[in-house]
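Asks: Fold the following for me, if possible:
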Amino acid sequence: MKRWLNRPLRILLINDTLVWIAASMIVPIYAVFVDDIGGDILDAGLAASIFALVAGVVVLIMGKISDRIKRLSRVVGIGYLLNGTGFVLYIFVENVWQLFAVQALIGLAQASVAPAFDALYTKNIGDPRKASSRWSMWEAGYYFAIAIGSAAGAAIVKFASFDTLFVLMACLCYGSGLYILSRPKRVL
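Replies: Model prediction:
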């Protein structure tokens, strides 16, 4: 029986889903974290805005840069590692200004991955007539990641701590980044 997804797509899909699980873990409790560091609802909104603005600018720049890079998997792997580093830095955030800086770093990390990931994923789709169904696998993985990550993140903070959460988030990103970087050129 022929597999529905080839090996490169499975690798990309699994690792990106793990990173999205990590990123989603803070979603349901983000305002609580901002409150814990002395911020308020406006600060939470500003931090999200900083993330989005940085990500929007960086994704445009990285799109141009990624067009010239031969090993796009390196961009993806390094971006995942940078994302993990942003999650570790949450541990050291003590005020909203530090939060803004970490949010900018995470926005940079996530946006640096997106164009390279999309190009790699598209390149490995194979039959262009199956592009919609292949991309639907990524979309479904994204939504499943949010569901899993949100529930897990809330449970971890309820029963452990924010620091435990941030370490786990980072580990998921580091694991995915190192795995992608360790794949030989012929695979990705």
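Asks: can we go C-alpha only for contacts and neighbour counts from here?
Replies: Fine.
Asks: which regions of the chain sit below the pLDDT cut-off?
Replies: Residues of the chain that meet the criterion pLDDT under 70 lie in 1-3.
Asks: Okay, helices next: where are they in it?
Replies: Per DSSP state H, the chain carries helices over the ranges 7-24, 30-36, 41-66, 72-89, 96-123, 131-159, 162-182.
Asks: can you redo those helices as CSV with distance to residue 188 and mean neighbour count?
Replies: CSV is the format used below for the helices of the chain (distance: least, C-alpha to C-alpha, whole Å; neighbours: other C-alpha atoms under 10 Å):
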stretch, distance to residue 188, mean neighbour count
helix 7-24, 6, 22
helix 30-36, 34, 17
helix 41-66, 15, 17
helix 72-89, 6, 24
helix 96-123, 8, 21
helix 131-159, 17, 17
helix 162-182, 8, 21
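Asks: what residues does stretch 25-42 touch?
Replies: 43-44, 93-96, 146, 149-154, 162, 165, 169 (C-alpha atoms under 8 Å, 6 or more residues apart in numbering).
Asks: got the CA positions of that stretch in CSV?
Replies: Provided in CSV are the C-alpha atoms of stretch 25-42 (Å, rounded to 0.1, in the frame of the first residue of the first chain):
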residue,chain,number,x,y,z
MET,A,25,0.7,25.8,25.3
ILE,A,26,0.8,29.3,26.6
VAL,A,27,-2.4,30.4,24.7
PRO,A,28,-5.0,29.8,27.4
ILE,A,29,-2.9,31.2,30.3
TYR,A,30,-1.0,34.0,28.6
ALA,A,31,-3.0,36.8,30.4
VAL,A,32,-2.3,35.0,33.7
PHE,A,33,1.4,35.1,32.9
VAL,A,34,1.4,38.7,32.0
ASP,A,35,-0.4,39.5,35.2
ASP,A,36,2.2,37.5,37.2
ILE,A,37,4.9,39.8,35.9
GLY,A,38,3.0,42.9,36.8
GLY,A,39,1.4,43.6,33.5
ASP,A,40,-2.3,44.1,32.6
ILE,A,41,-4.6,43.3,29.7
LEU,A,42,-3.2,46.2,27.7
